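A.B. asks: Model the following, please.
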Amino acid sequence: MIELVLFTSPGERVMRPDFGCGLLDLVFAPNSPELAATLQLAVHAQLERWLGDVIQIDAVVVESNDNVLRVRVAYLIRATGDRRTETFEGREV
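C.D. replies: Numbers count the residues shown, from 1 in each chain. Presented below is the predicted three-dimensional model:
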């Protein structure tokens, strides 16, 4: 479910035009600390908004190194109490 929120572009879903974070739209964006900071806030906000009843976000860390952007999400599954960490990595091609 996290991947769905992260990789769906706003406007892609007709009935929910504000759904999604749009990470795929940033594939060719210039990699910078500013982009990483903006992305960190956007990812956290969208996950809280759309999955806040299912998971509790503990941390979102975005690292930008050369041509790699790495997003790490640490969260708690509310129903089971399990803590998990997922990492998503994108490279410029």
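A.B. asks: which element is residue 84 on?
C.D. replies: Using DSSP states H and E, residue 84 falls within strand 83-91.
A.B. asks: Could I get the average pLDDT for that strand?
C.D. replies: The average pLDDT for strand 83-91 rounds to 87.
A.B. asks: Equivalent analysis for stretch 59-78, please.
C.D. replies: 91.
A.B. asks: mind checking the end-to-end distance for it?
C.D. replies: 15 Å (CA to CA, to the nearest Å).
A.B. asks: What are the buried residues along that stretch?
C.D. replies: 60, 62, 64, 69, 71, 73, 75 (16 or more other CB atoms under 10 Å). (Glycine included, C-beta is placed from N, CA and C.)
A.B. asks: for stretch 22-38, same thing?
C.D. replies: For stretch 22-38, by 16+ other CB under 10 Å, it's 22, 23, 26, 31, 36.
A.B. asks: Could you give the separation of stretch 80-93 from the chain centroid?
C.D. replies: 9 Å (CA atoms, centre = their mean, to the nearest Å).
A.B. asks: again, but for stretch 73-82
C.D. replies: That offset, for stretch 73-82, works out to 16 Å (CA atoms, centre = their mean).
A.B. asks: what sits up against it?
C.D. replies: 2, 43, 47, 53-61, 83-88 (CB atoms under 8 Å, 6 or more residues apart in numbering).
A.B. asks: In helices, which of the buried residues of stretch 22-38 appear?
C.D. replies: Secondary structure from DSSP state H places residue 36 of those in helices.
A.B. asks: Pick out the most distant pair among the buried residues of stretch 22-38.
C.D. replies: 22 and 31 (16.0 Å; CB to CB).
A.B. asks: quick one: residue 30 from residue 66, how far?
C.D. replies: 12 Å (CB to CB, to the nearest Å).
A.B. asks: Helix, strand, or coil at the residue lying farthest from the centre of the chain?
C.D. replies: Ranked by distance from the centre of the chain (CA atoms, centre = their mean), the top residue is residue 80, with 22.1 Å. Secondary structure, DSSP: H, G, I helix; E, B strand; the rest coil: residue 80 is coil.
A.B. asks: returning to that earlier point: report the strands that pair with the strand holding residue 84, each with its relative direction.
C.D. replies: Strand 83-91 pairs in its sheet with strand 68-77 (antiparallel), by DSSP bridges.
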